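Q: the following comprises the amino acid sequence and a computationally predicted model.
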Amino acid sequence: MRHDKPVEEAAVSDTNTDDAPAPLRRRKAHIRESNEAHLLACAEAVFAERGFEGASTAMIAERAGLPKANVHYYFPTKLALYRRVLEDLFEDWHRAANTFEGSDDPVAAIGGYVRAKMELSRRRPLGSKVWANEIIHGAEHMADILEQRVKPWLDTRVTVIDDWIARGLLADVDAKTLLYMIWATTQHYADFDAQIRALGGKRALSQKAFDATTDQVVQLVIRACGAKSPAA
């Protein structure tokens, strides 16, 4: 989730409006959503730069242009805010895998998933860095997210991939290894963007170059797993 516009109203003024007219309740709900999105975007940037231990709610408040009390109004602790950033990123990645439910064609489903993950690396690189840094440091703050949300999600995709293999639509690959490869390849363009810039002449990929790179990654993954359309 990215939202870099200034908040419309101080969070601490967002009081209980259960008895207020419907238009006022809608306006308050919109302001709350806007404030939360703004804080999450700023927190994502600070956590990407500093890590969980190095970041503070004061840094996040400064980035957001708000008093620290406003941060605590929405997120009582730094850990609550950190976990919300991680959970929000997972939801984006989860939606990217909707292609597995939307098509029984492995070429379309896997290709669409790779494209969606590449687009998220382009659009939300800081979130990817936060996730990667947490995993590198042992996933201390998100072990339950991995066990209770990521693993069940992964298992459902493994079942679909194994079915494609049994039907001869994919090569006999290990489904988890394939998914790990997709994650590593697509997230590389977010987590290691500094390396990509350095090796590519210190310039970020243009949209045209990123689109061409995405096409290459899709083709490589499709070839690597031997994906075939059902009618082929």
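A: Yes, it's here.
Q: so what secondary structure elements neighbour the longest helix seen in the chain?
A: Ranked by residue count and defined by DSSP state H, the top helix of the chain is helix 22-54. For helix 22-54, the elements it packs on are helix 57-64, helix 68-74, helix 78-96, helix 125-136, judged by 3 or more C-beta pairs under 8 Å, 6 or more residues apart in numbering; DSSP states H and E. Heads up, the C-betas are built off the backbone N, CA and C, glycines and all.
Q: would you mind giving the ones you listed as a markdown table with mean pLDDT, distance to L154 and mean neighbour count added?
A: Conversion of the helices and strands packed on helix 22-54 to a markdown table gives the following (pLDDT from 0 to 100; distance: least, C-beta to C-beta, whole Å; neighbours: other C-beta atoms under 10 Å):
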| stretch | mean pLDDT | distance to L154 | mean neighbour count |
| --- | --- | --- | --- |
| helix 57-64 | 95 | 31 | 19 |
| helix 68-74 | 92 | 31 | 18 |
| helix 78-96 | 93 | 11 | 18 |
| helix 125-136 | 96 | 14 | 19 |
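Q: can you redo these as JSON lines with distance to S229?
A: Listed next are those as JSON lines, based on distance: least, C-beta to C-beta, whole Å:
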{"stretch": "helix 57-64", "distance to S229": "47"}
{"stretch": "helix 68-74", "distance to S229": "47"}
{"stretch": "helix 78-96", "distance to S229": "21"}
{"stretch": "helix 125-136", "distance to S229": "30"}
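Q: which one of those helices lies nearest to C225?
A: Taking C-beta to C-beta, helix 78-96 is the member of these nearest to C225, at 17.4 Å.
Q: for the helix or strand harbouring W164, packing partners?
A: In this structure, W164 sits in helix 151-166 according to DSSP states H and E. Identification of packing neighbours for helix 151-166 by 3+ C-beta pairs under 8 Å, 6+ apart yields helix 99-102, helix 106-123, helix 175-191.
Q: of all the ones you listed, which one is nearest A227?
A: helix 106-123 (4.4 Å).
Q: contacts for that closest one?
A: With C-beta atoms under 8 Å, 6 or more residues apart in numbering as the test, helix 106-123 has contacts from 2, 92-93, 95-97, 99-100, 102-103, 128, 160-161, 164, 169-170, 182-183, 185-190, 210, 213-214, 217-218, 221-222, 225, 227-229.
Q: mean confidence score for that helix?
A: Mean pLDDT, helix 106-123: 95.
Q: now that helix and helix 78-96, what's the angle there?
A: Angle of helix 106-123 versus helix 78-96, following axes from the mean of the first three to the mean of the last three C-alpha atoms, to 10 degrees, is 140 degrees.
Q: in helix 106-123, what counts as buried?
A: 106-107, 109-122 (16 or more other C-beta atoms under 10 Å).
Q: next: stretch 152-159.
A: Applying 16+ other C-beta under 10 Å to stretch 152-159 flags 154, 157 as buried.
Q: alpha carbons only: can I get it in PDB?
A: Provided in PDB are the C-alpha atoms of stretch 152-159 (Å, rounded to 0.1, in the frame of the first residue of the first chain):
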ATOM      1  CA  PRO A 152      -1.400 -22.400   3.700                       C
ATOM      2  CA  TRP A 153      -1.300 -20.000   0.700                       C
ATOM      3  CA  LEU A 154       1.800 -21.800  -0.600                       C
ATOM      4  CA  ASP A 155       0.300 -25.200  -0.100                       C
ATOM      5  CA  THR A 156      -2.800 -24.400  -2.300                       C
ATOM      6  CA  ARG A 157      -0.500 -23.300  -5.100                       C
ATOM      7  CA  VAL A 158       1.600 -26.400  -4.800                       C
ATOM      8  CA  THR A 159      -1.600 -28.500  -5.200                       C
END
